[in-house]
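Engineer: Need a 3D model of the following:
(chains A and B)
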Protein chains: 2
Amino acid sequence: MSASHDIDREEGLSFSPKFDASGLVTCVATDAATGDVLMVAHMNDEALRKTVATGEAWYFSRSRNALWRKGETSGQTQRVVEMRTDCDQDAIWIKVEQVGAACHTGRKSCFYRKVERDGADARLAFIDDDRLFDPSMVYKK
Amino acid sequence: MSASHDIDREEGLSFSPKFDASGLVTCVATDAATGDVLMVAHMNDEALRKTVATGEAWYFSRSRNALWRKGETSGQTQRVVEMRTDCDQDAIWIKVEQVGAACHTGRKSCFYRKVERDGADARLAFIDDDRLFDPSMVYKK
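Structural biologist: The predicted structure follows:
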């Protein structure tokens, strides 16, 4: 990529997402009310377009290799309040109104454990880990 | 990965980051005071360890293929107030006290443009885009 192309991407008003080799950009969803990070996921071109067009969050699931409207199974949808992109346009930030919980474990956020120093190593500790739904009920077949 | 391994990773207290094929996890840095997303970057095992050990953000630069202490050139360091990991431990969230600006363009956050619907397409609009430093001065050789 030329330097002028870099400058266009960083300083221009054209939305030209820089997809990775798998055709994806990283998307961070934060709670519009609290600023907490709810989840980190991925979007392909179609998920981006649907998110912009509908005002609801769509993602691309790498594990299921499929487009995915957030909440289509669980009902825990995300209404997009604001969408931003970063300097080199390989990441997206959406501020959302989360219905219920973002995490498939039933917690509001996927980030329900702190990483803490433990001597020369690190361990986890639960934080904000109340379950808002029972995954065995929501995702039952 | 077995289902029991998944449960350990999601519900356990052992920090066992799930690195991608390049040995990286995604890291989201937010402003501890405002909740704004400052940047999305990557950490390898060494960057994670150094971040935990020092309380300052270290990343791995994919473009430079090198470990990188945030602010080592610019002076715009990040003190880590809290570190979390997500359900499947392939993403990290750090809340930081940002010295100056996180973005190499001189803005506080890399996310200085909104994505807005424009008919069937999308366009960008600047937001929170004041420059806190002049990159041509900070990164001059």
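
Engineer: Surely A:Asp8 is within a helix?
Structural biologist: Yes - using DSSP: H, G, I helix; E, B strand; the rest coil, the assignment for A:Asp8 is a helix.

Engineer: so which strand or helix has the residue nearest to A:Cys103 when sequence neighbours are not counted?
Structural biologist: Closest residue to A:Cys103 apart from its sequence neighbours, by C-beta to C-beta, 6 or more residues apart in numbering or on different chains: A:Cys110 at 4.3 Å. Using the backbone N, CA and C atoms, a C-beta is placed for each residue, glycine as well. Counting by DSSP states H and E, there is no helix or strand that carries A:Cys110.

Engineer: Ok, A:Val52 next?
Structural biologist: helix A:45-54.

Engineer: how about the closest residue to A:Ser109 other than its chain neighbours, secondary structure?
Structural biologist: Distances taken as C-beta to C-beta, 6+ apart put A:Leu38 closest to A:Ser109, at 4.8 Å, once the chain neighbours are dropped. Local secondary structure at A:Leu38 is given as strand here, using three-state DSSP.

Engineer: per-residue confidence for the closest residue to chain B within chain A?
Structural biologist: Proximity to chain B, evaluated over chain A using C-beta to the nearest C-beta, is greatest for A:Gly35 at 1.9 Å. Listed pLDDT for A:Gly35 reads 96.

Engineer: Contacts only, for it.
Structural biologist: Contacts for A:Gly35 (C-beta atoms under 8 Å, 6 or more residues apart in numbering or on different chains) come out as B:Thr30, B:Thr34, B:Gly35, B:Asp36.

Engineer: List only buried entries from the residues you listed.
Structural biologist: B:Thr30, B:Gly35, B:Asp36 (16 or more other C-beta atoms under 10 Å in any protein chain shown).

Engineer: neighbours around A:Leu38, how many?
Structural biologist: A total of 28 residues lie near A:Leu38 under the criterion other C-beta atoms under 10 Å in any protein chain shown.

Engineer: for stretch A:111-128, which positions count as buried?
Structural biologist: Buried-residue list, stretch A:111-128, by 16+ other C-beta under 10 Å: A:Phe111, A:Tyr112, A:Arg113, A:Lys114, A:Val115, A:Ala122, A:Leu124.

Engineer: okay, now A:Val138: neighbour count?
Structural biologist: Neighbour tally, A:Val138, other C-beta under 10 Å: 15.

Engineer: swap in A:Asn65?
Structural biologist: Other residues within reach of A:Asn65, judged by other C-beta under 10 Å, total 8.
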